[in-house]
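>>> Predicted structure and sequence below. I'll ask about it afterward.
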Amino acid sequence: MATSIATTNGKQQQEEMPPLPDHYEAEAKSFFSNYQHIRHQLSTAQRELGDAQIHIAELDTTVEGLRSHIASLESRMISCVLERDQAVAARAERETILLSISGLLEQAGVRPNVEEPAGA
C-alpha cells in the first residue's frame with residue numbers, strides 16, 4: 001500500500017493510501033510513451049526547422065547574388081545600347097558628310113571612280 005505525507009496544524013503525518021487500480025499503471029505507461037513520442041517528434045521538427053532556416057538563408061544569399069548580377073548585366077546592356085546608338089549616329093554623320101562631298105564633286109563635274117561598297 002502507498003503512503004503519503006500530510007501536514008495538519010504544522011505537524012506531518014504519514015497516511016496510508018488505498019492501492020490504485022491496475023489499469024492506472026497501464027494508462028500511466030501509455031501516457032509516458034505518448035509523451036516521449038511527442039517529445040521526439042518535437043525534437044525532430046525543431047531540427048528540421050533549423051535546417052530549413054539555414055537553407056532559406058543560403059537561398060536568400062544566392063538570390064541576392066543573382067539580383068546583383070542581373071543589375072550588373074542591365075547596366076552593361078544600357079552601356080552597350082548607348083555605345084551602339086553613338087556609333088550609329090557617328091556613321092550617319094559621316095554618311096551625310098560623304099554625300100555632301102559627293103554632291104559638291106558632282107556639281108563641280110568631278111566624277112569619282114569609286115565602286116559602291118557591298119551592302120550599301
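In hand now; what should we look at? Just so it is clear, the model here is predicted, and its values are computed rather than measured.
>>> mind listing the strands for this structure?
Along the chain, the stretches classed as strands by DSSP state E are 3-8, 11-16.
>>> And the helices in this protein, which stretches?
Using DSSP state H, the helices found in the chain span residues 22-107.
>>> Lowest average confidence across the strands of the chain, which one?
Note on the strands of the chain: strand 3-8 shows the lowest mean pLDDT, a mean of 62.
>>> Provide the backbone phi and psi angles at the residue lying farthest from the centre of the chain.
Of all residues in the chain, G109 has its C-alpha farthest from the mean position, at 71.3 Å, by CA atoms, centre = their mean. For G109, the backbone dihedrals (degrees, to the nearest 10) come out as phi 80, psi 10.
>>> May I ask which helix or strand of the chain has the lowest mean pLDDT?
Ranked by mean pLDDT, DSSP states H and E, the weakest helix or strand in the chain is strand 3-8, scoring a mean of 62.
>>> what about S102, how many neighbours?
Other residues near S102 come to 14 when the count uses other CB atoms under 10 Å. Yep, even glycine has a C-beta here, placed from its N, CA and C like the rest.
>>> separation between it and H37?
Distance of S102 to H37, given as CB to CB, to the nearest Å: 94 Å.
>>> Also G109?
The spacing between G109 and H37, counted by CB to CB, is 107 Å.
>>> Check E27 too.
E27 sits 15 Å away from H37, going by CB to CB.
>>> what do you get for A52?
Per CB to CB, A52 is found 22 Å from H37.
>>> for this structure, which residue is closest to the average position?
Residue closest to the average C-alpha location in the chain (CA atoms, centre = their mean): D60, at 3.3 Å.
>>> Appreciated, that's everything.
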